[in-house]
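Participant: here's my sequence, what's the structure:
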Amino acid sequence: MRILLIEDEPRLSEALTYILKKNKYGVDTAFDGETGQAMAETGVYDLIILDRMLPHKEGVSLLKELRSQGIATPVLLLTARDSIQDRIEGLDAGADDYLVKPFSTEELLARLRALGRRSGSQIQDEQLKVAELILKPLHCELTVGNETVKLTLKESLLLELFMRNPGQVITKEQILDRVWGLDSEVEANNVEIYVHYLRKKLNSPKTRIETVRGIGYCLKGEPDVS
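Facilitator: Numbers count the residues shown, from 1 in each chain. Below is the predicted model:
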């Protein structure tokens, strides 16, 4: 399961990232509301942990915008506010659960498991389709026509990003942030290498990853009429 953590307090963000990774969750982090919203809008996350008080964009406003766009990713809202009205406001904005700081590790993990079970069938069965490509993100499995190939985790995350944004130009910086994580020290040439790997595995006359010189890449596919 892949989680987006949007939390601006460095020490808490670092601690939560450690806890989540130790418990076998994949984690990407954002430290302000605007960056967090951009990452959430990719739709590649199974769960979002969202702090309420964020720089640049407050958590409840961010959440309302995600829900207005039809993004239904389960959201656990974190807050230092404990009034009934604050909880109602967060839930009415579209939060699936609410956790008041400070909280225990055990309670956090229990709430994440509950949210995962609530959306489990959707997460387990999800597959993406563009032209004749079918990707099962949780299985890192790509089907092209009648052939199925296994992808590495990074290949799968990269292709998922392209397939959730078909026809859109994705910059190398966006790919680095959303596939490797904001705090990664991976360089831009790694993106070129993994795009090369993906192109070989796509092996499709109908769908291709085009290079947009000086900017990034774009997935283009012809409609599958078979």
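Participant: in three-state terms, label Leu138 for me.
Facilitator: helix (DSSP: H, G, I helix; E, B strand; the rest coil).
Participant: from Asp86, how far out is it?
Facilitator: Per C-beta to C-beta, to the nearest Å, Leu138 is found 34 Å from Asp86. Where you see a C-beta, it was placed from the backbone N, CA and C, and this is true even at glycine.
Participant: for Tyr194, same thing?
Facilitator: Noted for Tyr194: a distance of 43 Å to Asp86, by C-beta to C-beta.
Participant: can you show me the helices along the chain?
Facilitator: Counting by DSSP state H, the chain has helices at residues 10-22, 33-40, 59-68, 84-92, 105-118, 120-125, 153-164, 172-175, 188-202.
Participant: quick check: buried residues in the last one?
Facilitator: Okay, so that is helix 188-202. Using 16 or more other C-beta atoms under 10 Å as the test for burial, helix 188-202 gives 190-191, 194-195, 198, 201-202.
Participant: before we move on, back to that, between the helices of the chain, which one is closest to Leu76.
Facilitator: helix 105-118 (5.9 Å; C-beta to C-beta).
Participant: contacts for that closest one, please.
Facilitator: The contact list for helix 105-118 (C-beta atoms under 8 Å, 6 or more residues apart in numbering) reads 1, 3, 16, 19, 23, 25, 46-47, 49, 74, 76, 96-97, 99, 123.
Participant: in it, which residues are buried?
Facilitator: Neighbour-count burial for helix 105-118 flags 108, 111-112, 115-116 (criterion: 16+ other C-beta under 10 Å).
Participant: and it, how far out from the chain's middle?
Facilitator: 18 Å (C-alpha atoms, centre = their mean, to the nearest Å).
Participant: kindly report the same for stretch 73-84.
Facilitator: With C-alpha atoms, centre = their mean as the basis, the mean position of stretch 73-84 lies at 20 Å from the chain mean.
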